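Colleague: Fold the following and give me the result.
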Amino acid sequence: MSLEYEQLAFENESIRDTSDHWSILLDNRGYRYKTIIVENSLNQNIIIECWASRNADFSNSFQVGDDWPVNSSTNTFQICDNYFPYMKLKVTCSIAPNSGNLTIAVASIEH
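Modeller: Below you'll find the model as predicted:
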């Protein structure tokens, strides 16, 4: 397998509230394996949810797996080997951060 495609779901996002923050729509058509790479320099923990849909308009979307907690000032990753054509990530903080930012990249690997 080789890296085929990388998308930035969040790029230097300065989250300063406790609202839900949705990533851009990530197009995974033709790719099964995904590595979600998180660079969380926010001064608060985050919760990440992975949502998927078979439709580009994101109708009939559903959550994939469990919520994923990521501590403040942490770089980490998660691997997903389920196939779904489209996905978004939802990020939420229970306490509003007052510094730092969030970058999440999704690297998709061919079948």
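Colleague: Next one: the residue nearest to the spatial centre of the chain relative to residue 77, how far apart?
Modeller: In the chain, the residue lying closest to the centroid (CA atoms, centre = their mean) is residue 89, at 3.8 Å. Going from residue 89 to residue 77 by CB to CB, to the nearest Å gives 13 Å. For every residue, glycine as well, the C-beta is placed using N, CA and C.
Colleague: what do the two both touch?
Modeller: residue 36 (CB atoms under 8 Å, 6 or more residues apart in numbering).
Colleague: Give me the pLDDT for the closest residue to residue 4 other than its chain neighbours.
Modeller: Spatial nearest neighbour of residue 4, chain neighbours left out: residue 110 (5.0 Å); criterion: CB to CB, 6 or more residues apart in numbering. Note on residue 110: pLDDT of 72.
Colleague: tally of neighbours for residue 110?
Modeller: Residues lying near residue 110 (other CB atoms under 10 Å) number 12.
Colleague: That one bridge partners, please.
Modeller: Residue 110 has these beta-bridge partners by DSSP bridges: residue 31.
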